[in-house]
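Dropping a prediction and its sequence here:
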Amino acid sequence: MIHSVDMTDSPEHHRQRSEFIRGMVQRTECALAGRSLREQPPKTIIQFWHDLQNLPPDVEECIASWARWQEVGFKHVLFDEFTARSYIRTSLGRRYEQAFDRCYHPAMQADYFRLCYLSVEGGFYVDADDVCIGSHIDWLFEDTRLKVHPLCYDIATASMVSTASFLTAETFTPNWIFYFNNNPLIAARRHPVIQLALQRSTEALENSIDGALPEIQATTGPGILSRTIFELGVTSGTIEREVVVLRDWDLFAISKWPLSYRNDRRNWRHSNQKAI
């Protein structure tokens, strides 16, 4: 239990955030969804690729694994940089469009756009390089809670920890950092976590010095989402009535490796805080 919470973006804040998320991930009991006036997420699958005129064939194959759900009544929408900017301008206004324009990398654009779209419309956002291997999808839309995928990074080995290894407390080491991925995100429209994450991300982009390239994860990606869930959690005490941890996501979808774009500047890991 966290008694004194550091709300600045300090090493102590990061430690407390990791511990809080570890508690959510490794807790065996599951809180029931609280009563909510929100509607369930619409059965819409949303994806983004910045340049659809130059869509890599291997990424197109990944997208097709999600587009196939249209055959059973789901809607699939694919945005690029142009249509995403137009959507943001029309749905949220000039302030958010200007924030989007500060996203200097396609991955950052995708990060920010998903928060914008889900805040307004709700639905199921999944990255274009994920492949759906599941045979049932309705369970993702069953209630109004935000559904997020947990991740864990081992500082000692500089590598990700397999999901099966970190779901229970028995294998924990102090070198592990727990956080939530921003892929996938399944949310009802106007979900408080998404709305606050969008607000925080917008402010971070606005506050970045002109010409500076802010760190992607912390500004628009998993960092801003994890921070939002943590801070809402410690102030409300009821975050598990608003958030569901997808402990078995790896049985439903996989991130495909290798893909052609991962070896060039389109891979955000090669371009973080660098101009393309």
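That came in fine, so what should we check first? Source: prediction; values computed, not measured.

need the contact list for the most centrally placed residue in the chain.
In the chain, the centroid-proximal residue (C-alpha atoms, centre = their mean) is N182; its distance is 1.1 Å. Counting by C-beta atoms under 8 Å, 6 or more residues apart in numbering, N182 touches D111, R114, V148, G221, P222, L225. In this view, the C-beta of every residue, glycine as well, is placed from N, C-alpha and C.

residue ranges with poor pLDDT in this structure?
For the chain, the stretches with pLDDT under 70 are 1-9, 28-37, 211, 259, 261-276.

picking up where we left off before, ok so the residue nearest to the centre of the chain is a helix residue?
No. Going by DSSP: H, G, I helix; E, B strand; the rest coil, the assignment for N182 is strand, not a helix.

ranges for the strands of the chain?
44-48, 75-79, 123-125, 130-132, 146-154, 159-160, 176-187, 243-245, 253-255 (DSSP state E).

in the sheet, who's paired with the residue nearest to H191 when sequence neighbours are not counted?
Among residues not flanking H191 along the chain, L146 sits closest, at 5.2 Å (C-beta to C-beta, 6 or more residues apart in numbering). Counting by DSSP bridges, L146 forms beta bridges with V243.

Surely L146 touches Q195?
No. Counting by C-beta atoms under 8 Å, L146 stays clear of Q195, with 10.6 Å between them.

Looking at the two, which is more packed in?
Taking neighbours as other C-beta atoms under 10 Å, L146 and Q195 compare with L146 leading, 23 against 17.

one step back: ok, now how distant is the residue nearest to the centre of the chain from L78?
N182 is 18 Å from L78, where distance means C-beta to C-beta, to the nearest Å.

just D58 next, same as before
Relative to L78, and taking C-beta to C-beta, D58 is found at 16 Å.

same thing with T220?
To L78, T220 is 20 Å away according to C-beta to C-beta.

okay, the two: which has more neighbours?
A direct count of neighbours by other C-beta under 10 Å for T220 and L78 places T220 higher, at 33 against 17.

ok, the more buried one to F124 distance?
For T220, the distance to F124 - C-beta to C-beta - is 19 Å.

thinking again about what came up before, which one among the contacts of N182 gets closest to Q199?
L225 (12.3 Å; C-beta to C-beta).

List the residues that contact that closest one.
If you count contacts by C-beta under 8 Å, 6+ apart, L225 has them with V148, F180, N181, N182, L185, V193, A197.

what's the closest non-adjacent residue to it?
N182 (4.7 Å).

How about S65?
Using C-beta to C-beta, 6+ apart, the closest residue to S65 is C132 (4.3 Å).

Repeat that for N181.
H149 (4.5 Å).

you'd agree that neighbour is up against L246?
Yes. In this structure H149 lies within contact range of L246 using C-beta under 8 Å: 4.8 Å.

Find the residues that touch each one of these two.
Counting by C-beta under 8 Å, 6+ apart, the residues touching both H149 and L246 are P184.

about what we covered before: mind giving me JSON lines with the strands of the chain and columns for distance to I209?
Listed next are the strands of the chain as JSON lines, based on distance: least, C-beta to C-beta, whole Å:
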{"stretch": "strand 44-48", "distance to I209": "26"}
{"stretch": "strand 75-79", "distance to I209": "28"}
{"stretch": "strand 123-125", "distance to I209": "29"}
{"stretch": "strand 130-132", "distance to I209": "34"}
{"stretch": "strand 146-154", "distance to I209": "28"}
{"stretch": "strand 159-160", "distance to I209": "32"}
{"stretch": "strand 176-187", "distance to I209": "24"}
{"stretch": "strand 243-245", "distance to I209": "33"}
{"stretch": "strand 253-255", "distance to I209": "33"}
